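Undergrad: With the sequence up front, the predicted model follows.
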Amino acid sequence: MTFTRIAVSGVFAALVAAPAIADQWRGWNIHPEDYPNSIALETFAAEVAEKTEGRIEPEVYHNAVLGDQPDAIEQVRNGGLDFANFNMGPMGQIVPATNVLSLPFIFKDVDQMHKVMDGEIGQRFSDALAEEGLVALSWFDSGSRSFYNTKQPIMTPADVEGMKFRVMNNDLYVNMVDQLGGNATPMAYGEVYQSLKTGVIDGAENNYPSYDSSNHFEVAKFYSITNHLIIPECLCVSTAAWDALSDEDKEIVKAAAVTAAQEQRALWAEREKVSREKVEAAGAKINEVSDPKAFQDKMGPVYEGFIEANPELESLIKDIQSTS
Ligand code: GTR
């Protein structure tokens, strides 16, 4: 947001026109300070401040102190916040094309996801986001998500039956858990720890770094490697903030976002290992599922229902699947 003030300083006030002070940008982040995404957002902020010589001063607010993710998406869309790191999961409710990224097993692996998002298809998602007031400047990694719970290792889909899982705010995930015979409850990330602890839910699903940083491993110690979702994340700026920039500053902000994404991906790869080791040392029980394809095979109705409701997105799904 722009605050233009004229500094008045002593006897020179009448003679010296002081420069307009910086655009103060407020950035939303769900994660704690030491998380790869948080470190990369700080790099983004520092590089933007330095290279614009203080014309823009971004500040990152960590730990979702500015609200939960669906609210923050709205705030960036309407210019109440200036930038953020968003997961494409909750984005699907607002930008339907991004729901394709929430289809279980849509990507073969994380490398394929990067290839897709860094290429022409990624640009299609950026275009869809831009139509809804979000300028996606680079893509962060979020690994792959697996189920964890308080009760038992999940080996086959039958083990999910009857269990209650927290999912992110997106109907696709409710359907996904339904197909496995479980019950899904959409819930804000910040409420999951307490809900696991008090038995309101039996489990949730996430990547290793979030399973670790949220401390969910303390209360839900069975982590079963289903790798059912690989969801990219954006570094997004609000259209209002973006449109107010000069061409020169747009270049600077874009370049800083790309630098941040490179850093985030490198830190991510490291943090996945560190988090896995940490949670295991703390007593989490991590298991391979007996037949990963058995989980994927259950997802037919999720795809069918999605394509029926969004026939215009079928070709996008096919384009992703055929990227190698
Ligand atoms: C994390 C992701 C967050 C948030 C969270 C969740 O992996 O980075 O943006 O979506 O999962 O489960 O809500």
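TA: Looks like it arrived, so ask away.

Undergrad: For this protein, what lies in contact range of the ligand?
TA: Residues of the chain lying near the ligand by Cβ under 6 Å from any ligand atom: I30, Q69, N87, G89, S142, M168, Y189, N206, N207, S210, E233. From N, CA and C alone the C-beta is placed, and that goes for glycine too.

Undergrad: so where does the fourth one fall, helix or strand?
TA: Using DSSP states H and E, the element containing G89 is helix 88-91.

Undergrad: got the buried residues for that helix?
TA: For helix 88-91, the neighbour count (16 or more other Cβ atoms under 10 Å) marks M88, G89, P90, M91 as buried.

Undergrad: Greatest separation within these: which pair is it?
TA: Farthest apart among those by Cβ to Cβ are M88 and P90. That separation is 8.0 Å.

Undergrad: Now for the spatially most central residue of the chain: which residues touch it?
TA: For the chain, N87 is the residue whose C-alpha lies nearest the centre (Cα atoms, centre = their mean; 1.9 Å). The contact partners of N87, by Cβ atoms under 8 Å, 6 or more residues apart in numbering, come to Q69, S142, M168, I231, E233.

Undergrad: how about the helices in the stretch 51-200 of the chain?
TA: Taking DSSP state H, counting those that start in this stretch, the helices of the stretch 51-200 of the chain run over residues 69-77, 88-91, 110-118, 120-131, 171-179, 192-197.

Undergrad: With respect to burial, which of those helices scores highest?
TA: Of all the helices of the stretch 51-200 of the chain, helix 88-91 carries the top mean neighbour count, a mean of 26, counting by mean count of other Cβ atoms under 10 Å.

Undergrad: quick one on the thing from earlier: kindly present the helices of the stretch 51-200 of the chain as TSV, with separate columns for mean pLDDT.
TA: Formatted as TSV, those follow (pLDDT from 0 to 100):
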stretch	mean pLDDT
helix 69-77	98
helix 88-91	98
helix 110-118	97
helix 120-131	98
helix 171-179	98
helix 192-197	98
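
Undergrad: which one of these lies closest to Q321?
TA: Between these, helix 110-118 lies closest to Q321; by Cβ to Cβ that is 9.2 Å.
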